[in-house]
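1. 3D model of this:
(2 chains)
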Amino acid sequence: RKEVEQDPGPFNVPEGATVAFNCTYSNSASQSFFWYRQDCRKEPKLLMSVYSSGNEDGRFTAQLNRASQYISLLIRDSKLSDSATYLCVVLLNTGFQKLVFGTGTRLLVSP
Amino acid sequence: ETGVTQSPTHLIKTRGQQVTLRCSSQSGHNTVSWYQQALGQGPQFIFQYYREEENGRGNFPPRFSGLQFPNYSSELNVNALELDDSALYLCASSHSGAITGELFFGEGSRLTVL
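-> Here you go, the predicted model:
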């Protein structure tokens, strides 16, 4: 079983739509959680951290459910520029700290 | 721009050859992590270097090796290349041995093995 699992998509949505991505993780010792964004043929970049209380950054809302080991990302009012791959990431400490990435979910926003 | 630079950006090798990829970390960052990203996959952790020592390794065979230099730059070496080694190799830097969650990635080295 993969440590971090995501639906690879693609999710095709029109501009202005609301879209939600989900992610599950298998290691209950996961310490911290993040969403990264990766544009085509570019490097991943941190989008936002994810907290148990839920957090919002503009049109983006992230949620964490530790009991279910489930993470979500909600994007409201989608823009063409939101088209990218969204990577679910967990921080593990197995004697040293490392980030574990999911496969990524591809989002395509069309006019 | 993150300040992490990688070279070369693209290269083509044949099976059995050896390759060295290079990474200069962001100023002030003393930890370097290397990731392999195959097409359609997320980045997979190879290993991490802190103060010139390997302090963590993922599920990669010994033919994947690395170095970190006193200026915190790093190399990834892959021996006896296989077709499945074709991927984007990403270097990321961070400060101290504790990773907070934000890794600053370089643009990567895209390796094709024929």
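2. quick one: the strands in chain A?
-> Per DSSP state E, chain A carries strands over the ranges A:4-6, A:11-14, A:19-25, A:32-38, A:45-50, A:55-57, A:60-65, A:70-75, A:84-93, A:97-101, A:105-110.
3. tell me which of these sits nearest to chain B.
-> strand A:97-101 (3.6 Å; CB to the nearest CB). Every residue, glycine included, has its C-beta placed from N, CA and C.
4. give me the mean pLDDT for that closest one.
-> Mean per-residue pLDDT for strand A:97-101: 89.
5. okay, the angle between it and strand A:19-25?
-> Interaxial angle, strand A:97-101 versus strand A:19-25 (axes from the mean of the first three to the mean of the last three CA atoms, to 10 degrees): 130 degrees.
6. starting at the chain centroid, how far to strand A:97-101?
-> Distance of strand A:97-101 from its chain centroid, counting by CA atoms, centre = their mean, to the nearest Å, is 14 Å.
7. helix, strand or coil for residue B:90?
-> Each residue gets one of three states, and residue B:90 gets strand by DSSP: H, G, I helix; E, B strand; the rest coil.
8. list the contacts of it.
-> Residues in contact with residue B:90, defined by CB atoms under 8 Å, 6 or more residues apart in numbering or on different chains, are A:43, A:44, B:6, B:34, B:35, B:36, B:37, B:43, B:105, B:106, B:108.
9. same question, residue B:19
-> The contact partners of residue B:19, by CB under 8 Å, 6+ apart, come to B:11, B:13, B:77, B:78, B:81, B:111.
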